[in-house]
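Chemist: 3D, please:
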Amino acid sequence: MTDEPTTAGTAADRAAARTTPDPKSIDRKARLGMPSHLPPKQDPAIRIHNWDEVSFVFDAETAKAEAQRCIQCPAAPCQKACPVHNDIPGAFWLLENGDPHGGAEVFRETSALPEMCGRLCPQERLCEGHCVVGKHAAPVAIGKLEVFLTETQRLEGGYVRPTVAASTGKTVAIVGAGPAGIGAAERLAKGGHKVVMYDAWPRAGGLLKYGIPSFKLNKPSVTRKFDDLAAMGIEVVPDTYVGRDIELDALASQYDAVFLAFGAPQDSTLGIAHEDAPGVHRATEFLVRGNVPKDELPESLREPLPHAKNVVVVGGGDTSMDCVRTAIRLGSDVVTLIYRRTEAEMQGRTEERKHAREEGVNFEFLTAPVEIVLNEQGAVAALRCRRMRLGEPDESGRARPEPVPGSEFDVPADIIITAIGYNTDPVWGEAAPEVSRDQWGRVLVDPETMRTAQQGVFAGGDNVNGADLVVTALADGQRAAAAIDAYLKDPAW
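Modeler: Numbers count the residues shown, from 1 in each chain. Model prediction:
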């Protein structure tokens, strides 16, 4: 795939030339009767032995047929449900009328990460979950079409890097090179501001690089994104932990504005006995050691993971699915997921659980960990659990799990992985005392402007929302960029 700019026209050119459908020309009833299409996937027996993406990209003919299922409804609830408000009907109209590059540009107008969001967003509860076609049949495969459009555009040389305005002389430091940081950096650079991104990892990309396995997100797409940002004049300073290697106040004095996008990198703990024993791993550590090449890891994480016959993962979100599916690819014989509620209460993607089952993962629902059982050498031997039953709803609206007396049992384990959520790093309490935080350590901001309590410092993404979606972090970054741009033009704003 080419990374070089082409002469295929700018986003503004495409927007000016874009045609919209005549409502009278859309036979919505006929479209509702069209069959649905999905791209093929790797066979489970094959994919468990590689790290390639599970889903292939649509071919052009099938993609066009799937785009024609969009009924072009004027209300566009799919667009409203998208956190960055992609013009999904507009993109698909261009695709079905022979302009896939134009369709890709429609996504790029509102999203700095369409290749990633198409692969990673939980479309079933966002755009596809609100698709009108989905009320009558399978929803339009919005995410898979977004990937097709943007990857095809690059492959065929139709991608044009964003143009950069004349320099404003203003500078912005971005702390964190993940989705929120990327969203802010691209828009600020387009506006003519000098942007420098600081990241604690050896390579840029944040969770896109280090938190998400390659079988869900091909890493060349992340590399291409930072090539694009570099071509726009954006600098990345890796291996630099702001708050420890360099003080926030130093950045605030060196730059005209600072955007905090350091995420929520701190793994939550179970709070049970022997959680610090050899063989117990936090999700982040396990995923990066299992998925990322050694030369791209910090020195402290370069030791290979030991082979494990029995792996137990505790959790119920997408990170837990990443862990169990990574364990399968690392050659573990038995991989078991422990979750304290039923599958109906799980918040991760249905597709990920389907893939995990296809790959041989065992699920133990209504099960909660009690303690980690050690062998004579003090290493992990099993996870002691108890059965649960569902009671009244808790503050999240989900049924509260309650223990069943006398139901304890042991699950054999060589390795136990905790994947029960993430928190912000507590170091920020001391590193940024002027930045107000809530009781969970999340940065407090004005939701409209993303401004913190410290002058010239803005924040967005998981360090504001708690662990959330790639697309919500991206939306925060893009919204913050607009506010930072206004601030740089008038600090009294």
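
Chemist: pLDDT-wise, which helix or strand of the protein ranks last?
Modeler: Across the helices and strands of the chain, mean confidence by mean pLDDT, DSSP states H and E is lowest for helix 11-17: a mean of 54.

Chemist: just the residues contacting the helix or strand just after it, thanks.
Modeler: Note on helix 11-17: by DSSP states H and E, the next helix or strand toward the C-terminus is helix 28-32. With contact meaning Cβ atoms under 8 Å, 6 or more residues apart in numbering, helix 28-32 is reached by 68, 69, 70, 71, 72, 73, 133, 136, 137. (Glycine included, C-beta is placed from N, CA and C.)

Chemist: buried among those? Need that as a selection in PyMOL.
Modeler: Selecting the buried subset of those in PyMOL, with 16 or more other Cβ atoms under 10 Å as the burial test, is done by:
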select buried, resi 68+69+70+71+72+73+133
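
Chemist: can I get stretch 201-210 in PDB, CA atoms only?
Modeler: What follows is stretch 201-210 as a C-alpha-only set of coordinates in PDB (Å, rounded to 0.1, in the frame of the first residue of the first chain):
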ATOM      1  CA  TRP A 201       6.300   3.600  25.100                       C
ATOM      2  CA  PRO A 202       9.300   3.000  22.800                       C
ATOM      3  CA  ARG A 203       7.100   3.400  19.700                       C
ATOM      4  CA  ALA A 204       4.100   5.700  19.000                       C
ATOM      5  CA  GLY A 205       0.600   4.400  18.900                       C
ATOM      6  CA  GLY A 206      -0.500   3.900  22.500                       C
ATOM      7  CA  LEU A 207      -3.000   1.100  22.800                       C
ATOM      8  CA  LEU A 208      -3.300   0.800  19.000                       C
ATOM      9  CA  LYS A 209       0.300  -0.400  19.000                       C
ATOM     10  CA  TYR A 210       0.600  -2.000  22.400                       C
END
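
Chemist: centre of the chain to it, how far?
Modeler: 12 Å (Cα atoms, centre = their mean, to the nearest Å).

Chemist: now it: average pLDDT?
Modeler: This predicted structure assigns stretch 201-210 an average pLDDT of 95.

Chemist: so who does the residue nearest to residue 59 when sequence neighbours are not counted touch?
Modeler: If you skip the residues right next to it in sequence, residue 59 has residue 39 as its closest partner in space, 7.7 Å away by Cβ to Cβ, 6 or more residues apart in numbering. Taking Cβ under 8 Å, 6+ apart as the contact definition, residue 39 lies against 55, 56, 57, 58, 59, 62, 144, 148.

Chemist: pLDDT score for residue 39?
Modeler: The score at residue 39 is 97. That number is its pLDDT.

Chemist: helix, strand, or coil at the closest residue to residue 83 other than its chain neighbours?
Modeler: Distances taken as Cβ to Cβ, 6+ apart put residue 475 closest to residue 83, at 4.2 Å, once the chain neighbours are dropped. At residue 475 the chain is in helix, as set by DSSP: H, G, I helix; E, B strand; the rest coil.

Chemist: quick one: residue 475 from residue 381, how far?
Modeler: Taking Cβ to Cβ, to the nearest Å as the measure, residue 475 falls 45 Å from residue 381.

Chemist: likewise for residue 146?
Modeler: As judged by Cβ to Cβ, residue 146 and residue 381 stand 46 Å apart.

Chemist: ok, these two, which is more surrounded?
Modeler: The neighbour comparison of residue 146 against residue 381 (other Cβ atoms under 10 Å) goes to residue 146, with 28 against 20.

Chemist: isn't the more buried one right next to residue 120, touching?
Modeler: No. Contact status for residue 146 versus residue 120: not in contact, 10.7 Å apart, counting by Cβ atoms under 8 Å.

Chemist: overlap in contacts of those two?
Modeler: None of the residues lies in contact with both residue 146 and residue 120 under the rule Cβ under 8 Å, 6+ apart.

Chemist: and the strand or helix carrying residue 289, what's buried?
Modeler: Secondary-structure assignment from DSSP H and E places residue 289 in helix 283-291. Burial within helix 283-291, assessed by neighbour count using 16+ other Cβ under 10 Å, is assigned to 283, 284, 286, 287, 288, 289, 290, 291.

Chemist: model confidence over it, on average?
Modeler: 96.

Chemist: return the next helix or strand after it as CSV; C-alpha atoms alone will do.
Modeler: Using DSSP H and E, the next helix or strand after helix 283-291 towards the C-terminus is strand 310-314. This file holds the C-alpha atoms of strand 310-314, laid out as CSV (Å, rounded to 0.1, in the frame of the first residue of the first chain):
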residue,chain,number,x,y,z
ASN,A,310,-3.6,-24.1,31.5
VAL,A,311,-4.3,-20.4,31.2
VAL,A,312,-7.2,-18.7,33.2
VAL,A,313,-8.3,-15.1,32.3
VAL,A,314,-10.6,-13.2,34.7
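
Chemist: show me what strand 310-314 is packed against.
Modeler: On a contact count with 3 or more Cβ pairs under 8 Å, 6 or more residues apart in numbering; DSSP states H and E, strand 310-314 meets helix 318-329, strand 334-338, strand 409-412, strand 415-418.

Chemist: could those go into TSV alongside distance to residue 221 and mean pLDDT?
Modeler: Putting the helices and strands packed on strand 310-314 into TSV (distance: least, Cβ to Cβ, whole Å; pLDDT from 0 to 100) gives the following:
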stretch	distance to residue 221	mean pLDDT
helix 318-329	17	97
strand 334-338	27	98
strand 409-412	37	98
strand 415-418	26	98
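
Chemist: of all the ones you listed, which one comes closest to residue 80?
Modeler: Of all the helices and strands packed on strand 310-314, the one in closest proximity to residue 80, counting by Cβ to Cβ, is helix 318-329 (23.5 Å).

Chemist: what does the closest one contact?
Modeler: Taking Cβ under 8 Å, 6+ apart as the criterion, the residues outside helix 318-329 that touch it are 48-51, 122, 211-213, 215-216, 283, 286-287, 290-291, 308, 311, 313-315, 335-337, 339, 348-349, 352-353, 355-356, 359-361, 415, 417, 419-420, 422.

Chemist: ok, of those residues, which come out buried?
Modeler: Neighbour counting with 16+ other Cβ under 10 Å marks 48, 122, 211-213, 215-216, 283, 286-287, 290-291, 308, 311, 313-315, 335-337, 339, 348-349, 352-353, 355-356, 359-361, 415, 417, 419-420, 422 as buried within these.

Chemist: quick one: residue 363 is in a strand?
Modeler: Yes. When classified by three-state DSSP, residue 363 is found to be part of a strand.

Chemist: who does the closest residue to it other than its chain neighbours bridge with?
Modeler: On the basis of Cβ to Cβ, 6+ apart, the spatially nearest residue to residue 363 that is not a chain neighbour turns out to be residue 337, at 5.2 Å. Residues found in beta-bridge contact with residue 337 (criterion: DSSP bridges) are residue 313, residue 363.

Chemist: what strand or helix carries the nearest residue to residue 321 once chain neighbours are set aside?
Modeler: Nearest-residue entry for residue 321: residue 352, 4.0 Å, with adjacent residues in sequence omitted and distances by Cβ to Cβ, 6+ apart. Using DSSP H and E, the secondary-structure element containing residue 352 is helix 350-358.

Chemist: ok now that helix, how far from the chain's centre?
Modeler: For helix 350-358, the gap between its own C-alpha mean and the chain's C-alpha mean amounts to 17 Å (Cα atoms, centre = their mean).

Chemist: again, but for stretch 337-347
Modeler: Once both centres are worked out by Cα atoms, centre = their mean, stretch 337-347 turns out to sit 21 Å from its chain's centre.
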